[in-house]
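S.K.: here is my input; please provide its structure:
(one chain, ligands or ions: 2)
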Amino acid sequence: MTSTTEILITAPEVPEYAHPGDAGADLRSAEALTLAPGERRLVGTGVSIALPDGFAAFVVPRSGLAAKHGITIVNSPGTVDAGYRGEIKVALLNTDSAVPYDIAVGDRIAQLIVMPVTRAVFVPVETLPGSDRGQGGFGSTGYSSPTNGNQS
Ligand SMILES: O=c1ccn([C@H]2C[C@H](O)[C@@H](COP(=O)(O)OP(=O)(O)OP(=O)(O)O)O2)c(=O)[nH]1
Ligand SMILES: [Mg+2]
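M.R.: Ligands and ions are numbered 1, 2, ... in the order given. The predicted structure is shown next:
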């Protein structure tokens with residue numbers, strides 16, 4: 001059974017999860033606008049929340065908008081801090097180089113994922129403990145299939 005957390009909210013319409021088990025609740029646009037090709041715009045949702053201490057919410061793109069129309073979020077994932085009481089806004093970007101994208105009031109433009117977070121207590125040390133991965137990263141395990149030759 002999915003765990004639930006009550007979040008106080010003010011909004012013209014409460015964000016909804018499309019299906020049981022969905023991680024993201026859909027955020028709707030509070031504005032009508034057209035995103036020109038290549039344009040980015042901070043778009044209001046009309047939603048404000050009071051997250052409990054120890055939680056954060058992340059504003060992330062909808063995959064359908066991204067895959068079908070090239071609409072994404074510049075700062076994905078956008079981080080909503082527990083103490084933030086302002087309107088949640090979405091920094092939309094139309095990555096298409098030719099086609100404008102129309103948004104009407106009420107269109108679902110992003111989704112909000114609420115998660116528990118821990119606060120780090122950073123402990124400075126001279127040397128970090130070893131690990132299996134070590135300093136390998138940024139493609140250190142390769143990309144392509146063995147038949148493709150280029151493993152870098
Ligand atoms: O996609 C986003 C990202 C952030 N926010 C709001 C909530 C968040 O708590 C606040 C600050 O976000 P962040 O810390 O990412 O931005 P910043 O540029 O560091 O601003 P600040 O100096 O206010 O922390 O802006 C949104 O509404 N949408
Ligand atoms: Mg900040």
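
S.K.: whatever residue of the chain ends up closest to ligand 1 bridge partners, please.
M.R.: Minimum separation of the chain from ligand 1 (Cβ to the nearest ligand atom) falls at Gly78, amounting to 1.9 Å. Using the backbone N, CA and C atoms, a C-beta is placed for each residue, glycine as well. Under DSSP bridges, the beta-bridge partners of Gly78 are Val59.

S.K.: and the helices in this structure?
M.R.: Using DSSP state H, the helices of the chain run over 63-69.

S.K.: contacting residues for the residue most central in space within it?
M.R.: With distances taken as Cα atoms, centre = their mean, Val60 lies nearest the centre of the chain, 1.9 Å away. Residues in contact with Val60 (Cβ atoms under 8 Å, 6 or more residues apart in numbering) are 24, 73, 76-78, 110-113.

S.K.: with His69 instead?
M.R.: Residues near His69 by Cβ under 8 Å, 6+ apart: 94, 96, 99, 101.

S.K.: repeat that for Thr34.
M.R.: Counted by Cβ under 8 Å, 6+ apart, Thr34 has contacts 100-103.

S.K.: quickly list what it is bridged to.
M.R.: Note on Thr34: beta-bridge partners by DSSP bridges are Asp102.

S.K.: which parts of the chain are strands?
M.R.: Taking DSSP state E as the criterion, the chain contains strands spanning 8-10, 25-28, 33-35, 40-44, 48-50, 55-60, 71-73, 78-80, 89-94, 101-103, 108-116.

S.K.: elements contacting the first one?
M.R.: Contact here means 3 or more Cβ pairs under 8 Å, 6 or more residues apart in numbering; DSSP states H and E; on that basis strand 8-10 packs against strand 48-50.
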